[in-house]
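In: Need coordinates for the below:
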Amino acid sequence: MSQMKVGIIRIGETNEDLVNRVQENLTTSLPQTTAAQIAEALPLPQQAYDEEREQYHSNTILNIIRTEAEKIKSFDAILGIVDVDIFARPLSFVFGQAENPGKAALISLWRLNPEFYGKKANMELFVERSTKEAVHEIGHTLGLQHCSNPFCVMYFSNSIFETDRKQSLFCNKCYLKIENSQATKDEDVEQPS
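Out: Numbers count the residues shown, from 1 in each chain. Sure, this is the predicted structure:
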């Protein structure tokens with residue numbers, strides 16, 4: 001995997017310690033990646049709120065991240081982190097969403113928190129889940145689809161149990177797809193004669 005720069009932007013009120021830990025973990029899970037937080041948090045867009053569902057529409061928030069990504073050219077991808085319940089039709093909820101391929105990605109901490117499931121607070125588990133979903137969504141920005149390997153980070157998590165089962169790393173098959181995709185892009189760049 002070639003060098004990648006990921007910008008992290010907080011949207012609304014988020015757990016700063018958790019965001020810092022996810023930032024650190026991204027460089028472990030994604031070799032040759034640097035991650036930096038964008039200083040200004042964005043306000044939670046009220047137009048994304050669906051009163052009937054009492055959730056936020058992820059596409060609306062992703063569009064705001066996409067706009068930020070167009071303004072900030074120094075990052076290969078922008079990961080938005082929000083702590084509200086999000087959904088994307090036809091699903092009842094999502095842990096995250098991303099452009100595939102593209103620059104904008106989003107994760108929600110809401111359903112990754114053990115306390116959401118009536119469990120005791122567990123910061124390590126919360127960070128682990130958040131890192132997995134962050135890597136998963138960044139994988140989509142690199143053009144990866146969902147993987148059939150239940151231990152690969154690109155496996156689609158329909159429940160928290162599936163998030164807990166998978167690892168925070170790409171399986172060999174997905175990693176090779178990224179490598180091959182980047183090699184093709186490098187070949188497409190015209191070399192000076």
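In: List the buried residues of the longest helix along the chain.
Out: Longest among the helix segments of the chain by residue count, using DSSP state H, is helix 123-141. Within helix 123-141, the residues that count as buried by 16 or more other CB atoms under 10 Å are 125-141. For the C-beta atoms, the positions are set from N, CA and C on the backbone; glycine is no exception.
In: what comes up buried for stretch 18-28?
Out: For stretch 18-28, the neighbour count (16+ other CB under 10 Å) marks L18, V19, R21, V22, Q23, N25, L26 as buried.
In: and if you look at stretch 144-163?
Out: Neighbour-count burial for stretch 144-163, counted by 16+ other CB under 10 Å, picks out L144, C147, N149, C152, V153, M154, Y155, S157, I160, T163.
In: Where does the fourth one sit: helix, strand or coil?
Out: Following DSSP: H, G, I helix; E, B strand; the rest coil, the label given to C152 is coil.
In: Which of the buried residues of stretch 144-163 fall within strands?
Out: In strands, defined here by DSSP state E, there are no members of the buried residues of stretch 144-163.
In: Out of the buried residues of stretch 18-28, which is nearest to C174?
Out: L26 (16.2 Å; CB to CB).
In: So which elements touch the helix or strand hosting the closest one?
Out: For L26, the host element (DSSP states H and E) is helix 16-29. Applying 3 or more CB pairs under 8 Å, 6 or more residues apart in numbering; DSSP states H and E, one finds that helix 16-29 contacts strand 4-11, strand 33-37, helix 123-141.
In: Can you dump the C-alpha atoms of the shortest one in PDB for me?
Out: Okay, so that is strand 33-37. Once non-C-alpha atoms are left out, strand 33-37 reads as follows in PDB (Å, rounded to 0.1, in the frame of the first residue of the first chain):
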ATOM      1  CA  THR A  33      -0.700   5.700   6.600                       C
ATOM      2  CA  THR A  34      -0.600   9.000   8.500                       C
ATOM      3  CA  ALA A  35      -3.700  10.300  10.200                       C
ATOM      4  CA  ALA A  36      -4.300  13.800  11.600                       C
ATOM      5  CA  GLN A  37      -7.300  15.500  13.100                       C
END
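In: residues in contact with the nearest residue to F87 once chain neighbours are set aside?
Out: Spatial nearest neighbour of F87, excluding adjacent residues (CB to CB, 6 or more residues apart in numbering): Q55 at 4.7 Å. Q55 makes contacts with Y49, V84, D85, I86, F87, F93, as judged by CB atoms under 8 Å, 6 or more residues apart in numbering.
In: Thanks again, I'm all set now.
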